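structural data only, the sequence is not supplied:
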């Protein structure tokens, strides 16, 4: 009797358990199907939105390009031709102005650095005369260098040479300059005075170098002298 009592319970329990398992499996399958469909649907909507955005963007850019210069000259109206010609004229004017300014700057720089009236040219010519002077070669030694300031600092030595252009009481234009020279044996201080005798032409009034005596009286070596009294 115990065996007969147990069998109905087993028979009634097993179908119920299988039914629950099948129900759970069916529900999970439907949920998975719904989720997959939802994902595909969402992806499709997003793809359509992105495609539409890119299409509009391309169309907008294309219209901008065509509006800014995509037409041929023969296709432009009279008003558009006037506007285009005005823009071209303005651009050419700006370019011409820039070229003119650049040319002016180059001219003044060339005149300052390489012109016969420039202080740079005068300094170079005076230094060549000093280097060629036998007495200064004996006092200073060789080679002889010239610079703007009497200092061991390379930066100060490379400073611009001190010079000025003045007019005297008679109206004569003078260029006054001072710079420093150095050789292996000694140093010196150079002074010059040049007068303007014509357009772009200067003539030495004097050029001399004062050399310290280092315990002895200093020595003045005259390199150029015209109407110059020591």
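Okay, I see it. Here the structure is a predicted model, which is why all the values come from computation and not from measurement.

verify the contact between residue 207 and residue 226 for me.
No. Residue 207 is not in contact with residue 226 according to Cβ atoms under 8 Å; the separation is 9.7 Å. The C-beta positions use only the backbone N, C-alpha and C, and glycine is treated the same way.

quick one, which of the two is more surrounded?
residue 207 (23 against 12; other Cβ atoms under 10 Å).

just after the helix or strand hosting the more buried one, pick out the following helix or strand.
Secondary structure assignment for residue 207, by DSSP states H and E: strand 201-211. Remark: after strand 201-211, the chain's next helix or strand is strand 219-225, criterion DSSP H and E.

partners of that next one, with directions?
Applying DSSP bridges, strand 219-225 is found paired with strand 201-211 (antiparallel).

in the partner strand, which residues are buried?
202, 204, 205, 206, 207, 208, 209, 211 (16 or more other Cβ atoms under 10 Å).

could these go into CSV alongside pLDDT and distance to residue 168?
Formatted as CSV, the buried residues of strand 201-211 follow (pLDDT from 0 to 100; distance: Cβ to Cβ, whole Å):
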residue, pLDDT, distance to residue 168
202, 84, 15
204, 92, 16
205, 93, 11
206, 95, 14
207, 96, 18
208, 97, 19
209, 96, 24
211, 94, 28
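
could these be laid out in a markdown table, adding distance to residue 172?
Formatted as a markdown table, these follow (distance: Cβ to Cβ, whole Å):
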| residue | distance to residue 172 |
| --- | --- |
| 202 | 12 |
| 204 | 14 |
| 205 | 10 |
| 206 | 14 |
| 207 | 17 |
| 208 | 20 |
| 209 | 24 |
| 211 | 30 |
